[in-house]
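Participant: quick check, what structure comes out for this input:
(chains A, B and C, ligands or ions: 2)
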Amino acid sequence: MSEPLVFTKARTGSSVIRRAPLLAVSPARRQALAMTLAGLGLAGPAIVFLLGLFLLPAVAVIFVALTDWQFGAVSFSFVGLDNYRELFADATFRVSLVNTAVYVLIVVPGTTLTGLAIALLIESGNSCRSFYRAIHFLPFMATITTMAIVWEALLHPTMGLVNQLFAAAGLPTANWLRNENTVLPVLGLIGIWQNLGYAMVLFLAGLKRIPQDLYDAADVDGADLWIDRLRTITLPLLGPVSVFVVIVVSLKALESFDAVKVLTQGGPGHASEVLLYTLYRESFEYLRAGYGAAIAVVLLGLVVSLTLINTLIMDRKVHYQ
Amino acid sequence: MSATTSGSMSTLAGIFRHAVLLLTGALLLFPFLWMVSLSLKAPGEIFHTSFFWPAQFYGIENYGKALTEAPLLRYLFNGFVVCALILALQVVLCAPCAYALAKLRFLGRDLIFAVVLAGLIMPHQVLSLPLFIIGYKFDILNTYTALILPYAVSPFGIFLFRQFFKTIPDDVVHAARLDGLSELAIVWKVMMPMSLPAIIAFSIFSVVGHWNDLFWPLIAVRDQSLMPPPLGILAFKNEEAGSDYGPLMAASTLVMLPLIIAFLVGQRWFVEGLIQGAVKQ
Amino acid sequence: MASVSIQCISKDYGQTPVLRSVSLSIADGEFLTLLGPSGCGKSTLLRILAGLEVQDVGSISIGGRVVDGVRPKRRDIAMVFQSYALYPHMSVAANMALPLRMYRLSAFQRLPFLGRLLRGAAQITADIDMEVSRTANSLGIGHLLSRKPGQLSGGQRQRVAVGRAMVRHPAVFLLDEPLSNLDAKLRVQMRAEIKELHRRLGGTFVYVTHDQAEAMTLSDRVAVMLDGELLQVAPPQGIYSDPANRRVAEFIGSPKINMIDVVVRERGLIDVAGATLAIDSDIPTGTPLSLGIRPEALCLADHPGQGILTGSVRMVEHMGSDLFVHLDLAGADQPLIARLLAERASRIAPGQRLHLGVRADRVLLFTRDGQRLRREADLVCRCVTPLREVAG
Ligand SMILES: Nc1ncnc2c1ncn2[C@@H]1O[C@H](COP(=O)(O)OP(=O)(O)OP(=O)(O)O)[C@@H](O)[C@H]1O
Ligand SMILES: [Mg+2]
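Facilitator: Ligands and ions are numbered 1, 2, ... in the order given. Reported below is the predicted structural model:
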């Protein structure tokens, strides 16, 4: 009983001895200050560049979209939302928007489903895993500019391999890249070809995170056919990854440009005009800065909302264990 | 009995797996093989035969033409310079920032991280217009600087390094401080050597991205002597009017080669980095 | 209900042998524990029993039926996993219902939405729901049925895992360290519940653990495994007091059994750290032996004498009712550990000289290569007078 008393006494005593001099900054505050200086010093250069190269331009693009500025012009005036009004009244932009949507709707399901199927197949056995992973992943890191030229050769209307094979098999041939009806699906296929490996890698990572124990439990519980295992365990547990893959591939598809630039320049007509290509042409070929900025803002809006949707869904998902 | 049936079932499943994966793999790889094949064929042969193997080996002429008629070596050199400088800048700028975000507690840290995240979701093409204006104002368009500067800092790099640094125990940092290292020295002498996998993953990520980039170089440079490989190939294609595929394919093969080698060497880290990056949102 | 027979099971992972010719018979309704240190192959044996792993050599029968190559679902077994392996995306009810659904509903009846319309499906589903809730209630988790595993505590998850195994009324329950993820207090409580469950269900239980207390309190018999070998199968008391060899003796019991290397001097006499113990036996002179003395086979003695070990106290560990005294003996490199009743030994302090008597009937003799010498060793013992109490 007497011990706590002794303890209190001792502590009071020591505090008397070590009382801090008046007016001095407490050690804790001095340390916090040092930390803040160090932190800002280390993060500073990166932050300056981040502000200058990302945030400032983002603000600028929103600002320019409200003006009628043209590259090279000495003056400009505010036009409010006129650029947007013009944009949505413009048939080409509407076509571009629809084309982008169609393109995304081809690429996203195609990439996700084939990527999932290939990931499941790779993971269903033990042999040659990294080999299969590598060859399916290779297109994702290919230089699209060059690969587009290869695709052009393959799809050449008269002498391309695709048409030769189709003709030999008695299938209808086409001038794939010059036909309004085929150009977008063909570009979509190229998009799938390119992004498939990315989806596959993400699914493989998701599959790795499913504990083997669950499959063992399913075996013992009688869910031991592959279809049952798929339905009871694999697919439900891949849910969050799938959402993520869909969003990421959508973003990739929204930002596709190279193949269009190399292969079709948006043609024939405007049949393969996609958002980023329209943005490029309005801004840097027609030099209509204000108008181009408005397209950029629309694109930015789409990207940001997709990202937000992703975050929302991820947060909502029940956190399994 | 049932052991043998399940045995033969799984053999069958294994055969099916290999068959499908080899088929899809072949389909995916086919354009690459076709590219190499075309690069070895004579002009007359290119569209007259669908055979894969060239009847007449024309590789020397095609590759020779690619190297002489277009400044291909120059393009490749530009690619190396641009990618290397971008990567160096990114690492130098991102690592200290990532360290501060991961290991130091200071006023404004959350705000800084929010800025990083905002940069992370922003597609770079959207920013091309103001960046072009900045480049124009400072008169740096059509220079290496124009190709490099916009990518000097990578939000993804900061994010990736921060994730990795967070897995390094605080005690390591404390021990380094006791040994008298400054905060900056801790970044370079302690954190970086311990984060080699993250650095490699990020390097491959960054190099592949900028080696392949067409959009920004298309806007930023006009001079052939400054063009990175994709833009150069595009220029070469336009000059050749798309008819002479042999040299074009030879050039394409040469442009892809460094990447493919890098990929085969660093495959594991690359995939790792992608997965790390996937966790970003 | 079924007996289990394991015959000469061997299993290698690549070059490393994990199980070496393990044979074991488990009676119908028996509670058998596989006890062994981490990595000795317990889980592997259990997984082979379950059919999740295939043995390289040997044969398993359950209920008299050879089940080699038979899929897990057809073996009439259920398993509780160390990690519980609950399906994280399913409610507790769905987790527990899954085995029944897989067994009773056809593939078509299990189809989402459509399946429910098929003939008989509704009735079977209703039956399953009823059985699930009955089982859940009997385990005290009836109120948790709509929760997801992520929303449960460790103990509740453990019960759900047991419930999922129970609903099917399997002949054999396999449990792989089901309590190892629980805190100490809950572990003791769940131990009692598992014992009760075994009594109530009457099935054959094969229980894997590395915790001796669990093995001792739960089992009808304990099978001790070390390095992939089955060293001894016996009732808990037998494992402790009558180990088959030195490795079992050293593995079972905490603190570890004291092992003293000795050489038989002349007929029946051995020297232990300067003291002389007498074994009235006909072991030839010069035979090297190891003497195994459990800490509680030592007791305080008043003064040195024949059969009394004397040494200086190195350390005293207080354990509440008991205390462990570490005694340095002359010429021994390891201290001797004695378990003494706290009330009798409270004044012992480090550095003090202490005399300990050896309870002759509790001393175990081993050859130097670890074989147990089973002969009535009657060492002379002179303990302080109320010896029975100390032993009790
Ligand atoms: N899939 C595998 N591949 C290679 N070795 C394995 C594999 N599974 C287990 N082993 C090895 O087999 C040995 C026995 O493993 P097992 O899981 O049966 O041990 P255990 O007795 O259950 O241990 P614990 O108490 O830690 O669970 C270990 O040495 C382990 O490293
Ligand atoms: Mg185990």
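Participant: what about the residue of chain C found nearest chain B, neighbour count?
Facilitator: For chain C and chain B, the shortest gap (C-beta to the nearest C-beta) falls at C:G69, measuring 2.6 Å. Where C-beta positions appear, they are placed from N, C-alpha and C, glycine not excepted. Residues lying near C:G69 (other C-beta atoms under 10 Å in any protein chain shown) number 15.
Participant: what's the answer for the one 3 residues further on, then?
Facilitator: Applying the criterion other C-beta under 10 Å, we find 24 residues in the vicinity of C:P72.
Participant: C:N181 versus that one, what's the distance?
Facilitator: 23 Å (C-beta to C-beta, to the nearest Å).
Participant: B:A198 too?
Facilitator: 32 Å.
Participant: between the two, which is the more surrounded one?
Facilitator: The neighbour comparison of B:A198 against C:N181 (other C-beta under 10 Å) goes to B:A198, with 25 against 15.
Participant: per-residue pLDDT, that one?
Facilitator: At B:A198, the predicted lDDT confidence score is 83.
Participant: was I right to think it contacts B:L160?
Facilitator: Yes: counting by C-beta atoms under 8 Å, B:A198 touches B:L160, with 5.8 Å between them.
Participant: now name the helix or strand holding whatever residue of the stretch 1-150 of chain B ends up closest to ligand 1.
Facilitator: Residue nearest to ligand 1 within the stretch 1-150 of chain B (C-beta to the nearest ligand atom): B:S10, separated by 17.3 Å. Per DSSP states H and E: B:S10 is located in helix B:2-39.
Participant: try B:A66
Facilitator: helix B:59-69.
Participant: contacts for that helix?
Facilitator: The list of residues contacting helix B:59-69 from outside it, by C-beta atoms under 8 Å, 6 or more residues apart in numbering or on different chains, reads B:39-42, B:72-73, B:236, B:244, B:246-251, B:254.
Participant: so which of those residues belong to helices?
Facilitator: Of the positions in those, B:S39, B:L72, B:L73, B:F236, B:G246, B:P247, B:L248, B:M249, B:A250, B:A251, B:L254 sit in helices, assigned by DSSP state H.
Participant: got those as TSV, with pLDDT, distance to chain A and neighbour count columns?
Facilitator: Converted to TSV, the ones in helices among the contacts of helix B:59-69 look like this (pLDDT from 0 to 100; distance: C-beta to the nearest C-beta, whole Å; neighbours: other C-beta atoms under 10 Å in any protein chain shown):
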residue	pLDDT	distance to chain A	neighbour count
B:S39	84	10	24
B:L72	86	12	22
B:L73	88	16	12
B:F236	85	9	25
B:G246	82	10	25
B:P247	84	11	25
B:L248	86	6	28
B:M249	87	7	26
B:A250	88	11	26
B:A251	88	8	29
B:L254	89	9	20
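Participant: what's the most distant pair in those?
Facilitator: With C-beta to C-beta as the measure, no two of the ones in helices among the contacts of helix B:59-69 lie farther apart than B:L73 and B:G246, at 18.3 Å.
Participant: thinking again about what came up before, just say helix, strand or coil for the residue of chain C closest to chain B.
Facilitator: coil (DSSP: H, G, I helix; E, B strand; the rest coil).
Participant: how about it, phi and psi?
Facilitator: Dihedral angles of C:G69 (phi, psi; degrees, to the nearest 10) stand at phi 80, psi 0.
Participant: what do you get for C:V208?
Facilitator: phi -100, psi 130.
Participant: show me the helices in the stretch 101-250 of chain A, by range?
Facilitator: Per DSSP state H, counting those that start in this stretch, the stretch 101-250 of chain A carries helices over the ranges A:129-137, A:144-154, A:161-168, A:183-208, A:212-221, A:226-229, A:235-254.
Participant: dump those helices into JSON lines; add mean neighbour count and mean pLDDT as well.
Facilitator: Shown next, in JSON lines, are these (neighbours: other C-beta atoms under 10 Å in any protein chain shown; pLDDT from 0 to 100):
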{"stretch": "helix A:129-137", "mean neighbour count": "19", "mean pLDDT": "88"}
{"stretch": "helix A:144-154", "mean neighbour count": "24", "mean pLDDT": "89"}
{"stretch": "helix A:161-168", "mean neighbour count": "15", "mean pLDDT": "84"}
{"stretch": "helix A:183-208", "mean neighbour count": "22", "mean pLDDT": "91"}
{"stretch": "helix A:212-221", "mean neighbour count": "22", "mean pLDDT": "91"}
{"stretch": "helix A:226-229", "mean neighbour count": "14", "mean pLDDT": "86"}
{"stretch": "helix A:235-254", "mean neighbour count": "20", "mean pLDDT": "88"}
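Participant: nearest to C:S153, out of these?
Facilitator: C:S153 sits nearest to helix A:212-221 of all the helices of the stretch 101-250 of chain A, at 19.2 Å, using C-beta to C-beta.
Participant: okay, the angle between that closest one and helix A:235-254?
Facilitator: 130 degrees (axes from the mean of the first three to the mean of the last three C-alpha atoms, to 10 degrees).
Participant: does chain B sit close to helix A:212-221?
Facilitator: No: Helix A:212-221 does not reach chain B (C-beta under 8 Å from any C-beta of the partner chain); its nearest approach is 12.0 Å.
Participant: that helix: how far from the chain's middle?
Facilitator: 35 Å (C-alpha atoms, centre = their mean, to the nearest Å).
Participant: find the nearest non-adjacent residue to C:L98, please.
Facilitator: Spatial nearest neighbour of C:L98, chain neighbours left out: A:D221 (5.2 Å); criterion: C-beta to C-beta, 6 or more residues apart in numbering or on different chains.
Participant: same question for C:S106.
Facilitator: Per C-beta to C-beta, 6+ apart, closest to C:S106 is C:L118, 8.0 Å.
Participant: what helices and strands are in contact with the one helix or strand C:Q123 maps to?
Facilitator: Assigned by DSSP H and E, C:Q123 belongs to helix C:121-138. Counting contacts by 3 or more C-beta pairs under 8 Å, 6 or more residues apart in numbering or on different chains; DSSP states H and E, helix C:121-138 packs against helix C:92-104, helix C:114-117, helix C:154-166.
Participant: mind listing what's buried along it?
Facilitator: Using 16 or more other C-beta atoms under 10 Å in any protein chain shown as the test for burial, helix C:121-138 gives C:A121, C:I124, C:T125, C:I128, C:E131, C:V132, C:S133, C:T135, C:A136.
Participant: from the residues you listed, pick the one nearest ligand 1.
Facilitator: Nearest to ligand 1 among those: C:T135, at 27.3 Å, using C-beta to the nearest ligand atom.
Participant: mind exporting the C-alpha coordinates of stretch C:114-133 to PDB?
Facilitator: Provided in PDB are the C-alpha atoms of stretch C:114-133 (Å, rounded to 0.1, in the frame of the first residue of the first chain):
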ATOM      1  CA  LEU C 114     -33.600 -22.200 -61.600                       C
ATOM      2  CA  GLY C 115     -32.600 -25.100 -59.300                       C
ATOM      3  CA  ARG C 116     -35.200 -24.100 -56.700                       C
ATOM      4  CA  LEU C 117     -38.000 -24.700 -59.200                       C
ATOM      5  CA  LEU C 118     -37.000 -28.300 -59.800                       C
ATOM      6  CA  ARG C 119     -39.000 -31.100 -58.200                       C
ATOM      7  CA  GLY C 120     -38.000 -31.900 -54.700                       C
ATOM      8  CA  ALA C 121     -35.400 -29.100 -54.400                       C
ATOM      9  CA  ALA C 122     -37.600 -27.000 -52.100                       C
ATOM     10  CA  GLN C 123     -38.200 -29.800 -49.700                       C
ATOM     11  CA  ILE C 124     -34.600 -30.800 -49.500                       C
ATOM     12  CA  THR C 125     -33.500 -27.200 -49.100                       C
ATOM     13  CA  ALA C 126     -36.000 -26.800 -46.200                       C
ATOM     14  CA  ASP C 127     -34.700 -30.000 -44.600                       C
ATOM     15  CA  ILE C 128     -31.100 -28.700 -44.900                       C
ATOM     16  CA  ASP C 129     -32.000 -25.400 -43.400                       C
ATOM     17  CA  MET C 130     -33.600 -27.100 -40.500                       C
ATOM     18  CA  GLU C 131     -30.600 -29.400 -39.800                       C
ATOM     19  CA  VAL C 132     -28.300 -26.500 -40.100                       C
ATOM     20  CA  SER C 133     -30.100 -24.500 -37.500                       C
END
